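In: no sequence on this one, just coordinates:
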Ligand SMILES: Cc1ncc(C[n+]2csc(CCOP(=O)(O)OP(=O)(O)O)c2C)c(N)n1
Ligand SMILES: [Mg+2]
């Protein structure tokens, strides 16, 4: 790509666009499908220009029906295609839930391995955008809970560029959760090499007193909290989860072994969440390293509130720091 | 309006002079095409008496297979049996109308279609026994592009549509070459028509003008619920609002099923878009072996449809063409042999290997599944007190 040089500064939406363009160019079997992804380029403009470049057969404006999108993507995958479905907003994935959990997730297993299901489902998710109901949710736990699916969520433009291509190259269904509040901030994109494998978690800031783990938009909140804590004399390590299914526990456990304290943070409601799962696993595997119980910081166990109240619902740096203080008090 | 036998599906009980319902053979096996059948008559020129005998043979064999399935289930060989009894005409006729390159997306009752397409129907026994979730490999050419059974009502109508979208992209539609052009035939029931997925399949297939033929077997029941609960208008009209042309046929007339499906598959392959066929038929027995139709079924309706049996109907027609006892006796023997073979092979089935739990959950290695598979091995080995086994356990510990 002539306009793309190493270490461009791009917003995540444009990095995803570049990643999708690359995937479409690399493999004629890749096709995008979703609502308003053609001439409009998607409501977040992630697919902008792609239909003009690759044609209507490869960048498909579908009818407005999520079950139909996922169900026909499954048929296309059976025919050897690699569909990338865009769900317009997190809260609109539920009409497609049955096709995702009962069909997409299970077909490879049902078929005894005779065929794969290389389908990617892109889900813009999460809050911080002041939108109306159904537009700010974090439903990742439903899908992380479902065997047969993989689930990843980039937190930076660079990861977005690479992870979308790696997700498309995977022969398994991948739920690709895009933190929509991070669509616009720019970050460096290295077009020469991926930072880490698709399912790797990564230590993105080193510290010695407490480990913070999060994914998607939460990573920037954790980094902010770490900065503040530093000023207060607490050294914080931050792990970017990147993959929620499977979770790469290596860096997390390694970090906790050193710091002895773990705080897991997420926008999603906490009850039966990815955060609970990580807390339980770390407690099982790093029991003797822990100097404090694993603490969780989550959205409340309520429906996502009206936007004027979202900042109270969404964990911010202060909520994270409150948990850091509690962890340090043990 | 009560749930009369023809409720929701007018036209078939006493097709008048203007009946749009396609039927060639009356319940008594007389060749008396309805007015609606005229435009399909030429498609019968594609088949001769050899094919008619084959239709008869397959219908009779599947009915006997189905009976054997019920028997084996009662004897504890399967958790469940799903009977096809009564629907053989709709299934065999439509299945023979498909060309080898066509793809079939069945629901879960299409044993006859599977047989015609060449699967070893023992796989259906294995599936309902709990040995497998899949049964046969749809990518193996010997299985006639017969895709897996789908138990979530209506879901596969969308898979069939997506598959057809793929065929379009592969340039396998409307080329004019009969060896190349390919269609997708999807089966579902009257209950399924209420599912959103089936409506979405109509929407997507009409939108993309896919080479789909949707074949509804209206067997008048969704478990215990009569078709009138699903629809107060004839179901074949349903798809028209979506822009999918449709036709209603007497599904117990194997000739109607063959001719109408052949024509509409031709249309689909030619690139003329999706088509919808409603085959009026009847589920003669229980929904499955777990069902108790005495709680809801209507004896008069049952008896009426028994009198319209697709196999007896074709037998009468074949006899009118001069076929004699020897042929029917031969088929009866073949059906007995077929059932005996299924019984024999069912009794020889062993439990699946435990690796089936973990294998193919993903196409690519997955740490959680790998770890749990290894854990189960260690856990099981921990109960084994033989010296070699404890050596292994120690080593792994
Ligand atoms: C989504 C869904 N809901 C409920 C069921 C349970 N169920 C199995 S078969 C059936 C009736 C289906 O009726 P119909 O579509 O007419 O097909 P038939 O069994 O008559 O062939 C029901 C309700 C199911 N399998 N899937
Ligand atoms: Mg039915």
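Out: Yes, it's here. Keep in mind that this is a model prediction, so the values were computed, not measured. Ligands and ions are numbered 1, 2, ... in the order given.
In: Surely residue A:31 forms part of a strand?
Out: Yes: according to DSSP: H, G, I helix; E, B strand; the rest coil, residue A:31 belongs to a strand.
In: So what's the residue count around the residue in the stretch 151-300 of chain A that ligand 2 sits nearest to?
Out: Relative to ligand 2, the nearest point of the stretch 151-300 of chain A is residue A:173 (30.8 Å; CB to the ion). Yep, even glycine has a C-beta here, placed from its N, CA and C like the rest. By the measure other CB atoms under 10 Å in any protein chain shown, the count of residues near residue A:173 is 31.
In: next one: residue B:55
Out: 26.
In: Can you pull the phi/psi pair for it?
Out: Here is the backbone geometry of residue B:55 (degrees, to the nearest 10): phi -60, psi -50.
In: could you list every residue that touches it?
Out: Applying CB atoms under 8 Å, 6 or more residues apart in numbering or on different chains, we find residue B:55 in contact with B:92-93, B:96, B:254, B:258, B:314.
In: you'd agree residue A:183 is up against residue A:10?
Out: No: judged on CB atoms under 8 Å, residue A:183 makes no contact with residue A:10 at a distance of 10.9 Å.
In: Give me the phi and psi for residue B:225.
Out: phi -100, psi 120.
In: and it, how far is that from ligand 1?
Out: 8 Å (CB to the nearest ligand atom, to the nearest Å).
In: Share the number of residues neighbouring the residue nearest to that residue when sequence neighbours are not counted, please.
Out: Spatial nearest neighbour of residue B:225, chain neighbours left out: residue B:191 (6.9 Å); criterion: CB to CB, 6 or more residues apart in numbering or on different chains. A count of nearby residues for residue B:191, using other CB under 10 Å, gives 21.
In: how about the helices in the stretch 101-250 of chain A?
Out: For the stretch 101-250 of chain A, helices defined by DSSP state H, counting those that start in this stretch occupy the ranges A:107-110, A:140-144, A:157-169, A:218-231, A:249-259.
In: What are the buried residues along the last one?
Out: By that I understand helix A:249-259. A:249, A:251-256, A:259 (16 or more other CB atoms under 10 Å in any protein chain shown).
In: Now distance to ligand 1 and pLDDT too, for the residues you listed, in a markdown table please.
Out: Formatted as a markdown table, the buried residues of helix A:249-259 follow (distance: CB to the nearest ligand atom, whole Å; pLDDT from 0 to 100):
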| residue | distance to ligand 1 | pLDDT |
| --- | --- | --- |
| A:249 | 36 | 98 |
| A:251 | 41 | 98 |
| A:252 | 39 | 98 |
| A:253 | 41 | 98 |
| A:254 | 45 | 98 |
| A:255 | 44 | 98 |
| A:256 | 43 | 98 |
| A:259 | 48 | 98 |
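In: In CSV: those, plus distance to residue B:266.
Out: Converted to CSV, the buried residues of helix A:249-259 look like this (distance: CB to CB, whole Å):
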residue, distance to residue B:266
A:249, 57
A:251, 59
A:252, 60
A:253, 62
A:254, 64
A:255, 65
A:256, 66
A:259, 70
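In: with those in mind, which one is nearest to residue B:267?
Out: Among the buried residues of helix A:249-259, residue A:249 lies closest to residue B:267 (CB to CB), at 55.8 Å.
In: gap between the closest one and residue A:286?
Out: Distance check for residue A:249 against residue A:286: by CB to CB, to the nearest Å, it reads 9 Å.
In: before we move on, what about residue B:269?
Out: Counting by CB to CB, the gap from residue B:269 to residue A:286 is 61 Å.
In: for residue B:20, same thing?
Out: In terms of CB to CB, residue B:20 sits 72 Å off from residue A:286.
In: Contacts only, for the residue in chain B that ligand 1 sits nearest to.
Out: Going by CB to the nearest ligand atom, ligand 1 is nearest to residue B:189 of chain B, at 2.3 Å. By CB under 8 Å, 6+ apart, the contact list for residue B:189 reads B:107, B:109, B:153, B:216-219, B:222.
In: if I look at it, how far off is residue B:304?
Out: According to CB to CB, residue B:189 stands 20 Å off from residue B:304.
In: Likewise for residue A:144?
Out: Residue A:144 is 53 Å from residue B:304, by CB to CB.
In: Also residue B:88?
Out: For residue B:88 relative to residue B:304 (CB to CB), the value is 18 Å.
In: So for the two, which residue has more residues nearby?
Out: Shown here are residue B:88 and residue B:304; by other CB under 10 Å, residue B:88 has more neighbours (31 against 15).
In: pretty sure that one contacts residue B:310?
Out: Yes: at 5.4 Å, residue B:88 counts as touching residue B:310 under the criterion of CB under 8 Å.
In: between the helices of the stretch 101-250 of chain A, which gets nearest to residue B:319?
Out: Of all the helices of the stretch 101-250 of chain A, helix A:107-110 comes closest under CB to CB, at 43.9 Å.
In: does residue B:60 belong to a helix or a strand, and which?
Out: Element membership for residue B:60 (DSSP states H and E) is helix B:49-74.
In: Residue A:107: how many residues sit nearby?
Out: 25.
In: Tell me how many other residues crowd residue A:308.
Out: 8.
In: got the buried residues for the strand or helix carrying residue A:328?
Out: Element membership of residue A:328 [criterion: DSSP H and E] is helix A:317-329. With burial defined by 16+ other CB under 10 Å, the residues of helix A:317-329 counted as buried are A:317, A:319-321, A:323-324, A:327-328.
In: Any residues of chain B in contact with ligand 2? List them.
Out: B:189-190, B:219, B:221-222 (CB under 5 Å from the ion).
In: okay if I get those residues as a markdown table plus pLDDT and secondary structure?
Out: Shown next, in a markdown table, are these (pLDDT from 0 to 100; DSSP: H, G, I helix; E, B strand; the rest coil):
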| residue | pLDDT | secondary structure |
| --- | --- | --- |
| B:189 | 98 | strand |
| B:190 | 98 | coil |
| B:219 | 98 | coil |
| B:221 | 97 | strand |
| B:222 | 96 | strand |
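In: Pretty sure residue A:281 sits against residue A:249.
Out: Yes: Residue A:281 is within contact range of residue A:249, at 6.4 Å (criterion: CB under 8 Å).
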